[in-house]
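Asker: Predicted coordinates and the sequence they were generated for:
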Amino acid sequence: MNFYFEAAKTLDRVEAKHGSIKGIIATLPEKDRKRTAALVIETLKFKSVLKEVIDKSELMKEERKLTSMNLVLVLVHDLLLARGIQAGDGPVKQAILRHKTRLHGEFQKIKIKRGVVSNEQLAHNGDERAGLIPRYIRVNTNVGTLEEVIKSLTSGGFVLCDPFSLKNGFSKDPHVPDLLSFAPSTSFHDNQLYADGKIILQDKASCFPAFVLSPPATDDSVVIDATAAPGNKTSHLSALMQNKGKLFAFERDRKRFSTLKMMLSKAGCRNVSPINADFLTVDPHDAQFSSATHILLDPSCSGSGIVNRLDHLVETEAEDDTAKDDRLDKLGAFQLSMITHAMRFPNVKKIVYSTCSIHATENEHVVHNALSSEEAKDGSFILAPQHEVLPTWPRRGYPDEIDPEYASCLVRCSPGEDATNGFFVSCFVKNMETPTKKRKVGPVHEPEHTGSKSRKKKKKRLKTDASN
Ligand SMILES: C[S@@+](CC[C@H](N)C(=O)[O-])C[C@H]1O[C@@H](n2cnc3c(N)ncnc32)[C@H](O)[C@@H]1O
C-alpha cells in the first residue's frame, strides 16, 4: 500500500505546484521511483475520466474513510486500467473493492457515451505538439565521435535514414553538426552511450546558441557562459572549443550549480571552470575574466516555448493579462541587464543571447533595447547578419516587433511547427568599424518614423528595474 500512498502524495505535490512533474518525481526515493512515476503519469493522463467514474459511483460519499481523492484516483486507476490493485487487503483496498462492480459499470458507460473502443482513447490528449518533436541527441565530441556513436547505434538496431519512415530510424540534423534525430518516443535513458556521457539529450533549438557563438578552439581562447546550469550549452561550448582554452561557467543558484558540476564531469569538460556566482556581480575588468572574447547568455525566461512532455497533464490556471505583462516586463528588464553587462567586458567580440520564450517582450524587444543602450552607444555593438547566424534556418525574428532590417538577423523556432521547442537566438558582435562609418546591419538608434505605442513601451522597459 505504501507505493500507492507515495503516488498519492506525489499527486498532491503536483497539484500544489511544488514544481514541475519531472522535478517532483526526481525527488522520490530511487527504489520505487520508476514504478511510482509511471503510476502518477498514467493517473494524470486518465484523471478526468477516473474522476468522473469516482463521482458517478458515489464511492467517496459512501465510504467516509476515503478522504484523499488522489489516493482513490491511483487505486481506481489500477483497478480499471491496470492489473488490479497491487496491495494487501487493508481497509482502503476493501472499501474500493466493495464498489468494484459499480466502478466498472460507470467506466463502461463513459466509454459508450464517448464512443471509444480502447482505453487509450480516453486519455487526456495533452499538448499534441509534444508528439511532433523528435528525440534529439547531441554527440558529445569531448568523449566520443560521431562515427563511433552512429556505429554503436546501428549495431543496436537503429537505422540511419529518414526518422519517421521507420520505428528505429534516425537521421543527421541538417543545421547542427553532431546532432541526430529519432522518433519522438525513443528513449535513451538506459542506453550505454548516455551512461558514458557520449551522447547528451538536448533539443535541437537549444543547440543553436553554442553553435552560433562558435568560440575559437585554441589554447588562449577565453569564453564565458554566464547562466550555465544545468549545463547542456556549457558542455556544447566545451566540445566546440575541443576542450581547449578556458570556459568560465557562472551559475548563481547553489543547487543548480551542483547539477552543473555533475553534468560537466560526466561530459568530460576539462576546459570549464564552474563558478557559483551571480554574473551581474562579476567585474568586467577583473584580471581573470577581462580577456573573455565570447559570451553566451541564456538567462532565466518565461519558458513559454517549452513543449513539455509531461506538464500539459496538469491543468493550469489562467493568468490575467496585466499580471502576465508585468511578469514579462520584469523578465525583459533582467534579460536586458544581462546583455548590457556582457557588453561591458573590454575584449568581448561576440555575445549570443537566447531564450526558450515565444514572447517578443523577452526576445525582439530586449534586443532592440540592448542595441539602443548606453553600452551599444554609437553602434559599438551590432547584430551579426543572417549569413553568420544559421543562414539556412527559415524562421527569423518578427519584423513587427523590431526594426524590420534586424529581423532577418534573428532566429526564432516555433513550437510544433519547426519540430523543436519554441526558441529565440540573437547574436551581437562588436562593431570594428568606427561608429560614423556605415554599419553592417542597419541603424541602431530609434528610427525617426517609429512613434508607435509598442516602441514607446520598449523605451519604458529600458528604465524598468532589473530583477529576476
Ligand atoms: C535557462 S537556464 C540556463 C540553461 C543552460 N544554459 C543550459 O543550456 O543547460 C538559466 C540559468 O541561469 C541561472 N541564472 C539566472 N540569472 C543568473 C545570474 N545573474 N548569474 C548567474 N546565473 C544566473 C539560473 O539559475 C538558471 O540556472
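Answerer: Looks like it came in fine.
Asker: all contacts plus neighbour counts: C-alpha atoms, from now on.
Answerer: Noted.
Asker: the longest helix in the chain is where?
Answerer: In the chain, with assignment by DSSP state H, the single longest helix is helix 321-343.
Asker: need the next SSE after that helix, C-terminal direction.
Answerer: Next helix or strand after helix 321-343 toward the C-terminus (DSSP states H and E): strand 350-355.
Asker: I'd like to know how far the residue lying closest to Ala376 once chain neighbours are set aside sits from the ligand.
Answerer: In this structure, Ala376 finds its nearest non-sequential neighbour in Ala370, 6.9 Å apart by C-alpha to C-alpha, 6 or more residues apart in numbering. Ala370 sits 16 Å away from the ligand, going by C-alpha to the nearest ligand atom, to the nearest Å.
Asker: Next one: Asp32, what pLDDT does it get?
Answerer: If you check Asp32, the pLDDT there is 84.
Asker: and the gap between it and Asp78?
Answerer: As judged by C-alpha to C-alpha, to the nearest Å, Asp32 and Asp78 stand 16 Å apart.
Asker: ok, now Phe428?
Answerer: As for Phe428, its distance to Asp78 is 55 Å (criterion: C-alpha to C-alpha).
Asker: So for these two, which sits in the more crowded spot?
Answerer: Neighbour totals were compared for Phe428 and Asp78, and Phe428 leads with 25 against 17 (other C-alpha atoms under 10 Å).
Asker: show me what contacts that one?
Answerer: Contact analysis of Phe428 by C-alpha atoms under 8 Å, 6 or more residues apart in numbering lists Lys350, Ile351, Val352, Tyr353, Phe381, Ile382, Leu383, Ala384.
Asker: hmm, try it at 6 Å
Answerer: Lys350, Ile351, Ile382, Leu383, Ala384 (C-alpha atoms under 6 Å, 6 or more residues apart in numbering).
Asker: Give me the distance between Leu75 and Glu433.
Answerer: Taken as C-alpha to C-alpha, the span from Leu75 to Glu433 is 69 Å.
Asker: ok, and does stretch 199-215 reach over to the ligand?
Answerer: No - judged by C-alpha under 6 Å from any ligand atom, stretch 199-215 stays clear of the ligand, getting no closer than 6.6 Å.
Asker: and that stretch, what's its mean pLDDT?
Answerer: pLDDT averaged over stretch 199-215 gives 97.
Asker: please begin residue numbering at 650 from this point
Answerer: Fine by me, first position is 650 from now on; the one you just mentioned is stretch 848-864.
Asker: What's the local residue count around Thr750?
Answerer: Look at Thr750: counted by other C-alpha under 10 Å, it has 11 neighbours.
Asker: Mind telling me what element it is part of?
Answerer: Counting by DSSP H and E, the element that carries Thr750 is helix 749-763.
Asker: what distance separates that helix from the centre of its chain?
Answerer: Centroid separation for helix 749-763 versus its chain: 39 Å, with C-alpha atoms, centre = their mean, to the nearest Å.
Asker: by contact count, what packs against it?
Answerer: Packing partners of helix 749-763 (3 or more C-alpha pairs under 6 Å, 6 or more residues apart in numbering; DSSP states H and E): helix 696-706.
Asker: Okay, angle between the helix it packs on and helix 749-763 too, please.
Answerer: With axes from the mean of the first three to the mean of the last three C-alpha atoms, to 10 degrees as the basis, helix 696-706 and helix 749-763 are set at 120 degrees to each other.
Asker: which SS class is Ile849?
Answerer: The three-state assignment at Ile849 reads strand, by DSSP: H, G, I helix; E, B strand; the rest coil.
Asker: Enumerate every residue touching it.
Answerer: With C-alpha under 6 Å, 6+ apart, Ile849 has these contacts: Ile786, Arg787.
Asker: next one: phi and psi at the residue most central in space within the chain?
Answerer: What sits nearest the mean C-alpha location of the chain, by C-alpha atoms, centre = their mean, is Ile955, with 5.2 Å. The phi and psi values for Ile955, taken as degrees, to the nearest 10, are phi -70, psi 120.
Asker: surely it meets Phe1072?
Answerer: No - using C-alpha atoms under 6 Å, Ile955 is not in contact with Phe1072, being 8.1 Å away.
Asker: And the closest residue to the ligand within the stretch 700-849 of the chain, how far from Asp1027?
Answerer: Here the residue of the stretch 700-849 of the chain nearest the ligand is Ile849; by C-alpha to the nearest ligand atom that distance is 10.9 Å. For Ile849, the distance to Asp1027 equals 41 Å [C-alpha to C-alpha].
Asker: Likewise for Met911?
Answerer: Taking C-alpha to C-alpha as the measure, Met911 falls 43 Å from Asp1027.
Asker: And Gln937, how close does it get to Ser717?
Answerer: 56 Å.
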